[in-house]
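Participant: this one's sequence-less:
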């Protein structure tokens, strides 16, 4: 397992995902150009492409190929990006920088940023529908649309963001913080893995196993994000470090301390890997990715 | 045709749609409650339910029944409502009243209004996926998801809103105004009709015919909306009359005059009805609805 070349794996898939995103987003010159420029500005700003790669790795865990899930992989990146654009708005977190460059509304204005986010969310479902042409059983598309909508809606990502915003400046319990993390971050990470497994024809047991793994992986990812926000710098993170504290956001280290946070992240990653064991050697990329999630510096 | 009881038809379907919306929206007490309150506040504020009724009438035009397209009918209302919530934001049109009551952000704040809109758009696609259980051929769901995404995205509603916002305070050509109207309003009206016909098993010819009818109906609807904004009052419209002029919005009457606008709306409605002729008696509700669109006072 330790011999797995994660760097090579990630690079290869990032190239595929970036090319697909560029192909699937409307060109800048397509009318009306401003909104397409705004959409491409944020989506093509780089980033880890974690969610698309999880869709691909989920498919691979049950013997599927990257190209057969690519539209859905891109859809997950569009949903992630729309949530960042809306979160960064002055009415929400009011952030000026993201991935090392000005946030969408700082460049295109608040109205266009709202519309670009709306358009990315809409296009995401269009892409999932397109994925029907690449799978053995197109009926699975209905399940993927429903599940991704659940993961992105008030029972998932949006729900987490709502509680996050309502908790700013408040004393937050450990339970509320876990609610925020599980909904705001873990739901879409879990949804990405589930979508990949479903599209590649995985059975109910495979979907259940990947779900559990996605839940612990997603929670670990957000805890490490919180730690990095405390410890990181603008150069490494591409966003202003310490911004959670300034905005009086509840974070895992603020509530439990840095050391306990690190321990919990490591425990969750071990749990993730044991939940991936049923997939055998095909989950080697996901296991390596899980290790990377706690060891990463940005 | 003139004997058709449109009032009775609309009332009956509105009751069905309102009940389905109430059932399909998460209850207020479901966590997190604030966003569900915000979603329900705007969706259940009344309104004509034009788009859901068009989905139903589209299905009926090819022999389908209202209950078999109800989740998608509701989805179209959620998409329409999300677009109103986001349009009303201070960063966009900055409106305080809608349907006779305070706009969403005036009650729940800008952040919650953005998130409630996002959640409604997301839930809309969830509902279309659910519609699979009610149709003969569930593969049609994929087409409906793709088409509604196109109608609501930058090639449709969002695209129209982008050009509308960019045109404020500018001298606008007749071509640009038509672009705005066709994209911002007609696209979703056309999409509603297409979805109804598709879900009820209509063939390619039926989809094409309803598309053409939807295009002219949608354009007529927006022209009449423009006329009402000039002539109407707060009591009748439920929103501030003359707001287009105050916001320096391009409108059909401003560009062509009231009389020419009325003539064009009437011409488009005749066109709509002739395009509906292929459906025979089954399109009686749609023909009556078309007449109502130009005659309505709100």
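Facilitator: Yep, that arrived. Given the structure is predicted, the values throughout are model-derived calculations rather than measurements.
Participant: Output the lowest mean pLDDT helix or strand found in chain A.
Facilitator: helix A:234-237 (a mean of 52; mean pLDDT, DSSP states H and E).
Participant: how close does residue A:61 get to residue A:67?
Facilitator: Counting by CB to CB, to the nearest Å, the gap from residue A:61 to residue A:67 is 16 Å. Backbone N, C-alpha and C define where each C-beta goes, glycine included.
Participant: For these two, work out which one has more neighbours and name it.
Facilitator: Taking neighbours as other CB atoms under 10 Å in any protein chain shown, residue A:61 and residue A:67 compare with residue A:61 leading, 27 against 13.
Participant: out of everything not next to it in sequence, what's closest to the more buried one?
Facilitator: Among residues not flanking residue A:61 along the chain, residue A:279 sits closest, at 4.4 Å (CB to CB, 6 or more residues apart in numbering or on different chains).
Participant: Next, count neighbours for that neighbour.
Facilitator: 23.
Participant: same deal with residue A:255?
Facilitator: Neighbours of residue A:255 (other CB under 10 Å): 17.
Participant: Kindly report the same for the one 5 residues further on.
Facilitator: By the other CB under 10 Å criterion, the neighbourhood of residue A:260 contains 13 residues.
Participant: State the distance from it to chain B.
Facilitator: Residue A:260 sits 26 Å away from chain B, taking CB to the nearest CB, to the nearest Å as the criterion.
Participant: What residues of stretch A:280-290 count as buried?
Facilitator: A:282, A:283, A:284, A:285, A:286, A:287, A:288, A:289, A:290 (16 or more other CB atoms under 10 Å in any protein chain shown).
Participant: the strands in chain A, which residues?
Facilitator: In chain A, the strands defined using DSSP state E lie at A:97-98, A:101-102.
Participant: pLDDT weak spots in chain A?
Facilitator: Per-residue confidence for chain A (pLDDT under 70) gives these ranges: A:1-2, A:233-243, A:245-246.
Participant: mind checking the longest helix of it?
Facilitator: helix A:204-231 (DSSP state H).
Participant: helices or strands up against that one?
Facilitator: Applying 3 or more CB pairs under 8 Å, 6 or more residues apart in numbering or on different chains; DSSP states H and E, one finds that helix A:204-231 makes contact with helix A:50-61, helix A:174-181, helix A:187-199, helix A:243-246, helix A:252-256, helix A:258-276, helix A:284-295.
Participant: Reformat these as JSON lines; add distance to residue B:183.
Facilitator: Below are these laid out as JSON lines (distance: least, CB to CB, whole Å):
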{"stretch": "helix A:50-61", "distance to residue B:183": "29"}
{"stretch": "helix A:174-181", "distance to residue B:183": "37"}
{"stretch": "helix A:187-199", "distance to residue B:183": "30"}
{"stretch": "helix A:243-246", "distance to residue B:183": "37"}
{"stretch": "helix A:252-256", "distance to residue B:183": "45"}
{"stretch": "helix A:258-276", "distance to residue B:183": "45"}
{"stretch": "helix A:284-295", "distance to residue B:183": "41"}
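Participant: Between the ones you listed, which one is closest to residue B:266.
Facilitator: Among the helices and strands packed on helix A:204-231, the nearest to residue B:266 by CB to CB is helix A:187-199 (49.0 Å).
Participant: Check which helices and strands that closest one sits against.
Facilitator: Using 3+ CB pairs under 8 Å, 6+ apart as the contact test, the elements touching helix A:187-199 are helix A:50-61, helix A:70-88, helix A:140-152, helix A:157-167, helix A:204-231.
Participant: Contact partners for the residue nearest the centre of chain A?
Facilitator: Among the residues of chain A, the one closest to the centroid is residue A:51, at 4.3 Å (CA atoms, centre = their mean). Contacts for residue A:51 (CB atoms under 8 Å, 6 or more residues apart in numbering or on different chains) come out as A:73, A:76, A:77, A:79, A:80, A:188, A:189, A:192.
Participant: Relative to residue A:171, how far out is it?
Facilitator: For residue A:51, the distance to residue A:171 (CB to CB) stands at 32 Å.
Participant: got the residues of the stretch 1-150 of chain A near chain B?
Facilitator: Neighbours of chain B within the stretch 1-150 of chain A, by CB under 8 Å from any CB of the partner chain: A:26, A:30-32, A:34-36, A:39, A:82, A:86, A:89, A:91-92, A:109-112, A:114-115, A:117-119, A:121-123, A:125-126, A:128-130, A:132, A:138-139, A:141-143, A:145-146, A:149-150.
Participant: In TSV: the buried residues of stretch A:280-290, plus distance to residue B:250.
Facilitator: Formatted as TSV, the buried residues of stretch A:280-290 follow (distance: CB to CB, whole Å):
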residue	distance to residue B:250
A:282	57
A:283	57
A:284	59
A:285	53
A:286	53
A:287	58
A:288	56
A:289	51
A:290	54
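Participant: Closest to residue B:258 out of these?
Facilitator: residue A:289 (63.5 Å).
Participant: Return the residues in contact with the closest one.
Facilitator: A:6, A:10, A:53, A:54, A:57.
Participant: pretty sure the second one is in contact with residue A:53, am I right?
Facilitator: Okay, so that is residue A:10. Yes. Using CB atoms under 8 Å, residue A:10 is in contact with residue A:53, at 6.6 Å.
Participant: Which two of the contacts of residue A:289 have the greatest separation?
Facilitator: The two members of those with the most space between them (CB to CB) are A:6 and A:54, at 13.5 Å.
Participant: before we move on, the earlier item: of the helices and strands packed on helix A:204-231, which is nearest residue B:231?
Facilitator: For residue B:231, the closest of the helices and strands packed on helix A:204-231 is helix A:187-199, at 47.3 Å, according to CB to CB.
Participant: quick revisit: which of residue A:10 and residue A:53 has more residues huddled nearby?
Facilitator: Taking other CB under 10 Å, residue A:10 and residue A:53 do not tie; residue A:53 has more neighbours (26 against 19).
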